[in-house]
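Student: here's my sequence, what's the structure:
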Amino acid sequence: FKELNSIEHYSTDELQSYILRKLSILFRYAYNNISYYKKLMDHSNLSLSQDIDYEEISRLPFLKKEDIRTHIADMNTSKIRKSIRSTSGTTGYPLIFPKDRVATAYTDAMMYHVYGWHGIDIGDKQARLWGRAITTKERIVQSTKDYLLNRRRLSAFEMNETKCLDYYA
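Tutor: The predicted structure is shown next:
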């Protein structure tokens with residue numbers, strides 16, 4: 001939260017510098033630890049000896065869901081403990097991918113930071129149209145988190161006119 005709160009007040013130049021510095025760190029890490037990105041960056045002739053710039057980044061191809069599905073084994077690093085996540089599959093097939101604890105914490109911090117712009121604090125009562133965990137263990141963890149954070153999860157997959165009216169009520 002501290003980092004996010006300070007970034008929010010950066011000038012345009014400070015923000016651009018921050019973004020490029022963070023991207024440089026990310027690209028160096030990916031190059032040194034993840035074979036897929038090492039090959040991709042070598043092929044794109046990225047110079048990682050100095051901070052990266054937007055021109056260099058533009059040489060990298062866009063990452064698509066199909067790329068992740070095809071190359072997931074080459075996108076992993078064993079150095080970080082990860083949990084398995086997935087998208088809902090609204091495009092036809094769910095995307096299954098690993099996500100580490102730091103990324104999860106940062107995502108949660110960013111989400112609550114943005115909620116704060118609208119007066120919603122951690123622990124404030126809320127309802128979410130969201131997916132539900134599949135396994136019993138995942139459902140217990142999910143239900144516990146929802147209870148502790150004062151959230152009510154409403155299934156986005158059971159949506160129809162009747163259910164929508166029930167959720168509204």
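Student: show the subsequent helix or strand relative to the lowest-mean-pLDDT helix or strand in the chain.
Tutor: In the chain, no helix or strand scores lower on mean pLDDT, DSSP states H and E than strand 82-86, which sits at a mean of 75. Sequence-wise, the next helix or strand downstream of strand 82-86 (DSSP states H and E) is strand 96-100.
Student: okay, buried residues for that following strand please.
Tutor: Neighbour counts over strand 96-100 (16 or more other Cβ atoms under 10 Å) mark residue 97 as buried. (Glycine included, C-beta is placed from N, CA and C.)
Student: in which helix or strand does the residue most central in space within the chain reside?
Tutor: Centroid-nearest residue in the chain: residue 107, 5.6 Å away (criterion: Cα atoms, centre = their mean). Per DSSP H and E, residue 107 falls inside helix 101-117.
Student: tell me the gap between that helix and the middle of its chain.
Tutor: 9 Å (Cα atoms, centre = their mean, to the nearest Å).
Student: give me the contacts around it.
Tutor: 1, 4-5, 8, 80-83, 120-122 (Cβ atoms under 8 Å, 6 or more residues apart in numbering).
Student: closest to residue 128 among those residues?
Tutor: Closest to residue 128 out of the contacts of helix 101-117 is residue 120 (11.6 Å), distances taken as Cβ to Cβ.
Student: now the closest one: closest residue in space, sequence neighbours ignored.
Tutor: Counting by Cβ to Cβ, 6 or more residues apart in numbering, residue 120 lies nearest to residue 126, which is 6.6 Å off, once chain neighbours are set aside.
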